[in-house]
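Trainee: Fold the following.
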Amino acid sequence: MKRKNLLLIILLSIILLVLPNGLYSAFDKDEPKYLEAAYEMVKRGDYITPYYNYEFRFDKPILIYWIIVLGYKVFGIGEFGGRFFVSLCGVLTILILYWWLSRWKEERFAFWSSLVLLSLLDFIIMSSVAMPDIALTSFITGALIFFFEGFHRKNRNFYRLAFLFSGLATLTKGPVGLVLPGLIAVIYLILRRELIKTLKDIPWLSGFTIYFAVVLPWYGAIFYKHGYEFFRDFIIFHNIHRFFGKIPGHPTAWWYYFVNYFWLYLPFSLFFLFAIYRIFKEKRLFGDNVLEFSIVWFFTVFLFFQIAHTKLAHYLLPSFPAFAVITTWYLFNLKEELPLYLTAFLFTVLSLAGGIFWEYKHWPLIGLIFLIPPFIGVWWAVWTKNALKPVTLGFITGMILFKWVTLPSLEPLRAKPYIGRETAAIKERCKKCKVAFFNFTSPEIVYSYKKGPLKDLNLKAVEKLLKSKEPVVIITRENRLKRLKGLKFYILDKKKELLPKHYLVIISNYPKEKLYGEG
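Mentor: So this is what the prediction gives:
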């Protein structure tokens, strides 16, 4: 049974997180930047300095780019290759959690906790895109679990593994890879009144030797090449200022995580609240080492990022394994009907709202198929008075359909990847053309273009180019064209965006047939 359950976890993880990752283009403003930066890394042959749009990009350390590059080398340049090994980090997180719980709990608990983690909405999203957050989560999860094993089994080799995984986390997203698991470990030991004793048992010398062996080669190389510029951009701006200050385009409101909580942790958002209430009301926490550690783990992560001034939903991802443990414990031990009915009501409302919105946008109806399994699952749970199996499997099935059916059905409607590819085709035929944005920019277009840098030009610069005899291609939104009043230009292509009502357009100072002649 144990082997079958493990194989089922791996199979579902691969089907949901890995295999469909080539069926839809890069999206949002962040994933295309990582994919493009890794592409430029391969193109330049420089595996030390990240570039995006042919300019330095010191936002994150190097490991996420190396992971993406590895996928490019194995599977070729593209979304599937770029996402492949990143998605495997999501699979690794699930397997580490399963391994840990199977050592301390019954196998059934380990199995369902792993599936609960696999079913969480933001875990699925972030395991399906080429961004560093799921890799960070995987390495922090490993660091915390190996610390737990080292502490409770008095095994110094587990402590060393914790240092190794902290090093990998630091190479993925900076000092948070050491600070966050270290903070969780310290708080856990303080609450158990074993801090001083344990600090004497940890192999600090060999542990930090392993940690620095992972971290120092690249950090040393990047400091040697770029010195203060890297220190200023990465350490001061993207770590210290991001924690204590405001980053343009990033929310800072104190209520941000509370508002986003319900969708982040779907489908078990409501169950978790009941779990926390029961744990503390009935003092069920005490005596269960795994549950105690998971409580400290979850709330330390939540409070750490709540205190941080800059907030983003996926920052909470390292709390997800602990969330899965706590939720599974609740569903194993308590059969309360109220969260069942509330969740069923929530999913009914979401399904109706989703259907209405879909019809309003005139999207392909086949895309709505992903709503059916979760809807059936929650009402099956109400009928059987047992939430764990129907809610988990219903949501996982729905998300498999979303990635295999819904996203591919929407792909032809997406404007930015289309405009990027069409602009690249124009550039291929008109090698002399200068290509740029006008008062608009899009990482998705930059990544899809792949023919060189795309600068965002102001009105004066665009006017000058359109008046010149040099062939020029400009990408912008259609509503910007009114600013070009009095200038002669030709619309080469246009496409309506998927969510906004805007059209994206490609314009030129030459008609298409003459433009190609200029090439």
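Trainee: What ranges in the protein fall below the confidence cut-off?
Mentor: 1, 233-234, 236-250, 283-286, 518-519 (pLDDT under 70).
Trainee: Could you list the residues in contact with stretch 410-421?
Mentor: For stretch 410-421, the external contacting residues (C-beta atoms under 8 Å, 6 or more residues apart in numbering) are 23-27, 363-364, 367, 442, 444-449, 475, 493, 495-498, 503-504, 506. Yep, even glycine has a C-beta here, placed from its N, CA and C like the rest.
Trainee: in it, what's buried?
Mentor: In terms of neighbour count (16 or more other C-beta atoms under 10 Å), stretch 410-421 has its buried residues at Leu413, Arg414, Ala415, Lys416, Pro417, Tyr418, Ile419, Gly420.
Trainee: from what I can see Ala162 touches Ala143, true?
Mentor: Yes: the pair Ala162 and Ala143 qualifies as a contact (C-beta atoms under 8 Å) at a distance of 4.8 Å.
Trainee: what do these two both touch?
Mentor: Pro181.
Trainee: what residues does the helix or strand hosting Gly167 touch?
Mentor: In the assignment (DSSP states H and E), Gly167 maps to helix 156-173. Outside helix 156-173, the residues that touch it by C-beta under 8 Å, 6+ apart are 60-64, 132-133, 135-136, 139-140, 142-144, 146-147, 149-150, 176-178, 181-182, 201-203, 206-208, 210-215, 218.
Trainee: State the distance from the nearest residue to Asp28 once chain neighbours are set aside to Leu17.
Mentor: Excluding the flanking residues, the one nearest Asp28 by C-beta to C-beta, 6 or more residues apart in numbering is Val129, at 7.5 Å. Applying C-beta to C-beta, to the nearest Å, the value for Val129 to Leu17 is 11 Å.
Trainee: Of the two, give the one with the bigger neighbour count.
Mentor: Counted by other C-beta atoms under 10 Å, Val129 and Leu17 do not tie: Leu17 has more neighbours, with 27 against 24.
Trainee: thought that one was touching Ile125?
Mentor: No: look at Leu17 against Ile125 with C-beta under 8 Å: they stay out of range, at 10.2 Å.
Trainee: Domain map for this protein?
Mentor: 1-131, 132-216, 338-413, 415-518 (automatic domain parsing).
Trainee: Quick check: which of those is nearest to Trp297?
Mentor: Trp297 lies closest to domain 132-216 among those, at 5.5 Å (C-beta to C-beta).
Trainee: mind checking how far the closest one is from the chain centre?
Mentor: In terms of C-alpha atoms, centre = their mean, to the nearest Å, the centre of domain 132-216 is found 23 Å from the chain centre.
Trainee: Need the distance between the two termini of that domain.
Mentor: 19 Å (C-alpha to C-alpha, to the nearest Å).
Trainee: With stretch 281-290 instead?
Mentor: 19 Å.
Trainee: One more: stretch 44-59?
Mentor: Start-to-end, stretch 44-59 (C-alpha to C-alpha) is 19 Å.
Trainee: thinking Leu346 is in contact with Leu270, fair?
Mentor: Yes: judged on C-beta under 8 Å, Leu346 makes contact with Leu270 at a distance of 7.1 Å.
Trainee: quick one, what contacts Leu393?
Mentor: So Leu393 contacts Leu115, Pro373, Gly377 (C-beta under 8 Å, 6+ apart).
Trainee: Now do the residue nearest to the first one when sequence neighbours are not counted against Ala436, distance only.
Mentor: The shortest distance from Leu115 to any non-neighbouring residue, by C-beta to C-beta, 6+ apart, is to Thr392 (5.1 Å). Using C-beta to C-beta, we find Thr392 at a distance of 49 Å from Ala436.
Trainee: more neighbours, those two?
Mentor: Thr392 (24 against 18).
Trainee: Tell me which residues touch the spatially most central residue of the chain, please.
Mentor: In the chain, the residue lying closest to the centroid (C-alpha atoms, centre = their mean) is Met126, at 2.9 Å. Each residue near Met126 by C-beta under 8 Å, 6+ apart is listed here: Gly90, Asp133, Ile134, Thr137, His314, Leu317.
Trainee: ok, the spatially closest residue to the fifth one that is not a sequence neighbour - how many residues close by?
Mentor: So the one you mean is His314. In space, and not counting its chain neighbours, His314 is closest to Asp133: 4.6 Å by C-beta to C-beta, 6+ apart. Residues lying near Asp133 (other C-beta under 10 Å) number 26.
Trainee: same question, Gly287
Mentor: That count, for Gly287 with other C-beta under 10 Å as the rule, works out to 8.
Trainee: Quick check: it vs Ile279, distance?
Mentor: 12 Å.
Trainee: For stretch 114-128, output the C-alpha coordinates as PDB.
Mentor: The C-alpha coordinates for stretch 114-128 follow below in PDB (Å, rounded to 0.1, in the frame of the first residue of the first chain):
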ATOM      1  CA  SER A 114       0.800  15.300   0.500                       C
ATOM      2  CA  LEU A 115      -2.300  15.300  -1.600                       C
ATOM      3  CA  VAL A 116      -3.700  18.300   0.400                       C
ATOM      4  CA  LEU A 117      -0.500  20.200  -0.400                       C
ATOM      5  CA  LEU A 118      -0.700  19.200  -4.100                       C
ATOM      6  CA  SER A 119      -4.300  20.500  -4.200                       C
ATOM      7  CA  LEU A 120      -3.700  24.000  -2.900                       C
ATOM      8  CA  LEU A 121      -4.300  26.600  -5.600                       C
ATOM      9  CA  ASP A 122      -1.300  28.800  -5.200                       C
ATOM     10  CA  PHE A 123       1.000  25.800  -4.800                       C
ATOM     11  CA  ILE A 124      -0.300  24.600  -8.200                       C
ATOM     12  CA  ILE A 125       0.100  28.000  -9.800                       C
ATOM     13  CA  MET A 126       3.600  28.600  -8.500                       C
ATOM     14  CA  SER A 127       4.700  25.100  -9.400                       C
ATOM     15  CA  SER A 128       3.700  25.600 -12.900                       C
END
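Trainee: what comes up buried for it?
Mentor: Neighbour-count burial for stretch 114-128 [16+ other C-beta under 10 Å]: 114-128.
Trainee: contacting residues around Phe212?
Mentor: Gly167.
Trainee: mind checking the backbone torsions on Leu216?
Mentor: phi -70, psi -40 (degrees, to the nearest 10).
Trainee: Does the residue nearest to Asp28 fall in a helix, a strand, or a coil region?
Mentor: coil (DSSP: H, G, I helix; E, B strand; the rest coil).
Trainee: now do Leu504
Mentor: strand.
Trainee: next one: Leu487
Mentor: Classified using three-state DSSP, Leu487 is coil.
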